[in-house]
Structures are given as C-alpha cells and as structure tokens.
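Undergrad: With the sequence up front, the predicted model follows.
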Amino acid sequence: MVDIVDKATRSRMMAGIRGKDTKPELALRKALHARGFRYRLHAKNVTGRPDLVLPRCRAVIFVNGCFWHRHEGCRYATTPATRPEFWQAKFSANVARDIAVRDTLLETGWRVATVWECVLRKPEQVEAVAELLANWLGSGEVSQIEIEEKDLRAF
C-alpha cells in the first residue's frame, strides 16, 4: 500500500513521536507522586533507562507504548501497511530488547513493572494503576508485574 503523505511529511510526523515525557507517563508520574512516591526519571546508570526508577523500593517502572512495544492483543498494536518487512524487523528488535533489559534488571535484583499505554488513557484508570503499583511497591515481594486492562477490572 502506498503512503498517503509524502516522504518529508511522514518523516516530520515520525520525528514528532516522543520517547520521554509522554502523556501516559506524565499521568502516571503525577498519580504516584501524589501518593508519596519519589523517583528518578530515565536514570542513565540503570540498564534500559527505565521511565521511573524508585531506588528506595529497588524497583523500576516502564510505561510501554502499545504500538512500539507490541502489546499482545491490543487494538493499538497495529502494523503499518507500508514496508511491512521493515516494521516487523523493528518491532521484533524492540520486543527482544525489552525482554533482554527486563531479564538483566531481574538478575541484578531490581523489581520490574511494565505498564501499557492503553491502561493509562482515562483518569480513573490512571488512579487504579497507581493504586496497583502502590500496593506492589509496598509489598516488596513480587519481582515482576505487568499491568493490563484486565488487571483493572477489580477497581
């Protein structure tokens, strides 16, 4: 399928996609901060430069975009029709890197949380996610957690 915009416009559009300080990330940061959690942002000294690093809890939180990190079964994890081979390679590399970073962090004693972008779309969902994370951080037990929409049904 042919792209509906010219190459320069597509390049400008793709360049505008943020890697840091995205709306879902900002919403989650605000909710966690309101609950008293203090964190570092994109710490260079932690493998994978997680979105949030909570040194006191020895925990990291990744806020993953469903499109870029291929959230399984999510309606936002679509594949562009143009250059499908390129996109498949790109997505496969992203997923492989995510797994490698998570495994490295777990091996070095960090607790890892992954929050998908789709669960942070509504304010009430952000609050529910923040509550789940607060409980997880306070428990100090589970080494890994992934928060999806199905996890919010109890709230």
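TA: In hand now; what should we look at?

Undergrad: I figured residue 112 hits residue 57, correct?
TA: No: assessed by CB atoms under 8 Å, residue 112 is found out of contact with residue 57, at 11.5 Å. In short, each C-beta sits where N, CA and C put it, glycine included.

Undergrad: If you count surrounding residues, which of these two has more?
TA: It is residue 112, of residue 112 and residue 57, that has more neighbours when counted by other CB atoms under 10 Å, with 21 against 18.

Undergrad: beta partners of that one?
TA: Applying DSSP bridges to residue 112 yields these beta-bridge partners: residue 60, residue 144.

Undergrad: Regarding residue 28, what is its secondary structure?
TA: Here residue 28 is recorded as helix under DSSP: H, G, I helix; E, B strand; the rest coil.

Undergrad: so what's the closest residue to residue 65 other than its chain neighbours up against?
TA: When the adjacent residues along the chain are set aside, residue 65 lies closest to residue 117, with 4.8 Å between them (CB to CB, 6 or more residues apart in numbering). Under the criterion of CB atoms under 8 Å, 6 or more residues apart in numbering, the neighbours of residue 117 are 22, 24, 63, 64, 65, 66, 71, 76.

Undergrad: now for the lengthiest helix in the chain, which elements pack on it?
TA: The helix of greatest length in the chain, counted in residues with DSSP state H as the criterion, is given as helix 84-107. The criterion is 3 or more CB pairs under 8 Å, 6 or more residues apart in numbering; DSSP states H and E, and the helices and strands that helix 84-107 contacts are strand 59-64, helix 66-69, strand 111-116.

Undergrad: average pLDDT for it?
TA: The predicted model gives helix 84-107 an average pLDDT of 96.
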